[in-house]
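In: Quick one, fold the following:
(chains A and B)
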Amino acid sequence: MTAFGKLIRTTAFRLTLVYLFLFALFAASLLGYFAWNTRRLITEQITATVNAETGEISDIFGRRGLRGLVFTLENRALRPGANLYLVTTPTGQAIAGNVGSLAPGVMTTTGWSETAYRRLDENDNADHRALVRVTELPNGFRLLIGRDLEERRRLFGIVAKAAQWSILVVVVLGIGGGIFVARRVLQRIDAMTGTAQRIMAGDLSGRLPVGRSGDELDRLAGNLNAMLERIEALMTGLKEVSDNIAHDLKTPLTRLRNRAEEALASSGSEAEYRAALERTIEESDGLIRTFNALLMIARAESGQARGNMDDFDAADVAIGIHELYEPLAEDDGMTLRLKTVSAPLHGNRELISQALANLVENAIKYGKPATVSAGSVVSLDAKQILIEARREGDQVLLSVTDHGPGIPEADLKHAVERFVRLDSSRSQPGSGLGLSLASAVATLHGGELRLGDARPGLVATLAIPARTALGDRPPVLTQDVPQKVA
Amino acid sequence: MRSPSFTARFFRLTERCQVVLHEDADRAMVTEGWPHLTATDPQMRLLIIEDDRESADYLVKAFREVGYVADLASDGEEGLALASTGDYDVLVIDRMLPKRDGLSLIGSLREKGNRTPALILSALGQVDDRIKGLRAGGDDYLPKPYSFAELLARVEVLSRRHGGPAEETTYRVGDLELDRLSHRVARGKDELTLQPREFRLLEYLMKHAGQVVTRTMLLENVWDYHFDPQTNVIDVHISRLRSKIDKGFDRPLLHTIRGAGYMIRDGIR
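Out: Numbers count the residues shown, from 1 in each chain, chains lettered A, B, ... in the order given. Alright, predicted model coming up:
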């Protein structure tokens, strides 16, 4: 498409054409109205003049007879800008006046008519037009008095010219303005398109230019930029996740493969084969768990799990999880304590239970007092893990506090990220997804996961808006489209 | 991240290991012991509705070797036709099938008044998918990838439920007795004191006495959680229960079934 073709296809330009047409129409009708009214006015004036003069001349004829009439007419005809006069005999012969020739038949009908004529004293061959009135005098002579229409014609010409020029100016200005506006819009749109194409080509950092006028295009660009910001953040997140998946899943997959290879290569007994296979299954079960956790996080983050929300009490969740994990903690030499106040909540009970379970599992795994291994005396207090459910302001807090080594201030932010296993925990089993899932669940409910220092120890808190606070969240738009998964 | 082909392939890998292990089952029984891989209800007839050839063949073979009659339908319409005959004790239905998906299949069956227990297998393993499956008329829901031991345990429990004896008020296994109304538990002449949760745990185990009950089944049915704990939290509860009902008695009743779960049963096989 040529640049001009592109220009005239713009909305701005097309709009201009429409306005142009409307304006031209308006100007034309205005001028037309003006011209028509003027013409009427002039005609009325001529009629009045001619009538008056006809009356006057008839009067003179009545008083002074034919001679007086001819004398007066000859006199008047000599004045500059004189009207048209003609007197004919009943047989049609001209005896006085300043009219050289007339359209045939004008003199035979009395009354008003418009006719072409030529003056006696003019030599040009141009035809003039005049509005004339023919009256019959009492003695059968006919008198014609008329007025040239040149004035009216000239006025008409002026109006026509004005119309031409004004329409021309309107068109030129309109098209020029249209092109100007269209080009301006086009330039900005082109800039946007360019950015969009760069982004489509893979450069997610591109942003649309936003002007300072705050017009609709700027607002659009601003919103698109916000959208791009979000997409870039999501993409970065996704990339990090896939990098981490690649990294953290490759290790167990490699182990799995090595084990199978080793078993295949060795000529071991059946029992050894079985053992190898069983370990393979164990290893794959671990991987499946990791996958499930990842899928769960993905679902929580994408908001798909929002469908299954109901009202319940966070205290019940805390009581349930305490009941489930209390024996496990005790086996590990810890005490799981519970402190709850009724805290009604609207959400996905299963997910919140799981998030809390993850926090408790973490506390049991990593929350042992650091000094236990060193054999020094540890107060009973330090071996306690506290599960707490309470309401604070418009938030429901579900927290798990341990008195282990905690997480260094600098690492607190990292801890929530997927697959992050702080150095201190590398030796412990686990997928490194527990906190990520808890965080995703909190985000799904419009809240957050807070990690803090329990001096010593870690306090992990799920802070979720209390009931009804979810009412203003946008409805879930994502439909669960079943995919064929073998 | 959600790569179906990847998880599917991964599932096949696990499955193959199980097949290899399983082919050895008869001999292995003597040495290693997979007692759960024998039929607890030899008359049971299963219908497997699964379109993936490899998974289907594996399931049919595994169920047959355990000693059940297993038929196969490879699409939704065929499955519906076969299931409608009412010849089966349990249906194992893949959720996504050609021609007619698993949920609508179950829906049509239930509409016709066919109440054959149905277990849904699905790659969609999330809580809401599960709820959808159960709402559609399924009796149990097992996300892929699963272990055959888990599937077998669930199928057996489903089958027992179907046409089994009405819910009794007292369960007995050997000299262990549980009264569901008075919440009284006794072994021989000794009265046992159980925590409420321990009682429910024992109740579930005894309801399915002689059947393998997996950890996930316990977590789902006793605690009503559907997530997968990363720790051996169920084992700890079981060992507490075991110390109360088996400690000090010659004949243990609560058995750990390696690679599968637990079973309460009188006597050793």
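
In: OK, contacts around the residue nearest to A:His322 when sequence neighbours are not counted?
Out: Excluding the flanking residues, the one nearest A:His322 by CB to CB, 6 or more residues apart in numbering or on different chains is A:Leu338, at 4.4 Å. Placement of C-beta: from N, CA and C, glycine included. A:Leu338 makes contacts with A:318-319, A:322, A:386-388, as judged by CB atoms under 8 Å, 6 or more residues apart in numbering or on different chains.

In: try it again with 10 Å
Out: Contact partners of A:Leu338, counting by CB atoms under 10 Å, 6 or more residues apart in numbering or on different chains, are A:315, A:318-319, A:321-323, A:326, A:385-389.

In: any idea which element A:Lys365 lies in?
Out: helix A:349-366 (DSSP states H and E).

In: Could you do A:Ile407 as well?
Out: Assigned by DSSP H and E, A:Ile407 falls within no helix or strand.

In: Look up how far chain B lies from it.
Out: Note on A:Ile407: its distance to chain B, by CB to the nearest CB, to the nearest Å, is 19 Å.

In: Would you check that that residue makes contact with A:Ala363?
Out: No. Using CB atoms under 10 Å as the test, A:Ile407 is too far from A:Ala363 to be in contact (11.8 Å).

In: neighbour count winner among those two?
Out: Between A:Ile407 and A:Ala363, counting by other CB atoms under 10 Å in any protein chain shown, A:Ala363 is the more crowded of the two (27 against 22).

In: Just the pLDDT at the closest residue to that one other than its chain neighbours, thanks.
Out: Counting by CB to CB, 6+ apart, the nearest residue to A:Ala363 once its immediate chain neighbours are dropped is A:Asp402, at 4.1 Å. Turning to A:Asp402, the model gives it a pLDDT of 84.

In: which parts of the stretch 51-200 of chain B sit against chain A?
Out: B:51-55, B:94-98, B:101-103, B:122-132, B:143-147, B:149, B:195-198 (CB under 10 Å from any CB of the partner chain).

In: Weed out the non-buried ones from these.
Out: For these, a neighbour count by 16 or more other CB atoms under 10 Å in any protein chain shown gives the buried set as B:51-52, B:55, B:94-97, B:101-103, B:122-130, B:132, B:143-147, B:149, B:197-198.

In: Quick one: low-confidence residue ranges for chain B.
Out: B:1-42, B:124-128, B:160-167, B:267-269 (pLDDT under 70).

In: Could you measure from the residue of it found nearest chain A over to A:Met296?
Out: The minimum distance from chain B to chain A, using CB to the nearest CB, falls at B:Ala123 (3.4 Å). B:Ala123 sits 14 Å away from A:Met296 when distances are taken as CB to CB, to the nearest Å.

In: Likewise for B:Thr169?
Out: For B:Thr169, the distance to A:Met296 - CB to CB - is 40 Å.

In: Between the two, which has more neighbouring residues?
Out: More neighbours surround A:Met296 than the other of B:Thr169 and A:Met296, with 23 against 10 (other CB under 10 Å).

In: In this structure that one contacts A:Gly434, no?
Out: No. Using CB under 10 Å, A:Met296 is not in contact with A:Gly434; the gap is 11.2 Å.

In: Can you work out which residues contact both of the two?
Out: A:Gln354.

In: which residues does A:Leu449 form a beta bridge with?
Out: A:Leu462 (DSSP bridges).

In: what sits against it?
Out: Taking CB under 10 Å, 6+ apart as the test, what A:Leu449 contacts is A:355, A:359, A:415-416, A:435-443, A:460-464.

In: Next up, phi/psi of B:Asp139, please.
Out: phi -100, psi -20 (degrees, to the nearest 10).

In: Give the burial count for the spatially closest residue to it that is not a sequence neighbour, as a bare number.
Out: Leaving aside its chain neighbours, B:Asp139 sits nearest to B:Pro117 (4.5 Å; criterion: CB to CB, 6+ apart). B:Pro117 has 21 neighbours, counted by other CB under 10 Å.

In: Let me know whether B:Pro117 touches B:Ala83 as I believe.
Out: No. Contact status for B:Pro117 versus B:Ala83: not in contact, 11.1 Å apart, counting by CB under 10 Å.

In: Touching both of the two, which residues are there?
Out: Any residue near both B:Pro117 and B:Ala83 by CB under 10 Å, 6+ apart counts here, and that gives B:Leu91.

In: Let me know the helix or strand that the residue nearest to B:Leu254 when sequence neighbours are not counted is in.
Out: Of all residues not flanking B:Leu254 in the chain, B:Arg242 sits nearest, at 4.9 Å (CB to CB, 6+ apart). If you go by DSSP H and E, B:Arg242 is part of helix B:233-245.

In: check contacts around the closest residue to B:Arg130 other than its chain neighbours.
Out: Leaving aside its sequence neighbours, B:Arg130 sits nearest to B:Tyr141 (CB to CB, 6+ apart; 4.5 Å). Counting by CB under 10 Å, 6+ apart, B:Tyr141 makes contact with B:95, B:118-122, B:124-125, B:127, B:129-134, B:154, B:220, B:226.

In: what about B:Leu152, how many neighbours?
Out: Per other CB under 10 Å, the neighbour tally for B:Leu152 reads 24.

In: try A:Val459
Out: With other CB under 10 Å as criterion, A:Val459 counts 20.

In: residues touching it, list them.
Out: Contacts of A:Val459 (CB under 10 Å, 6+ apart): A:359, A:363, A:386, A:388, A:399-403, A:406, A:450-453.
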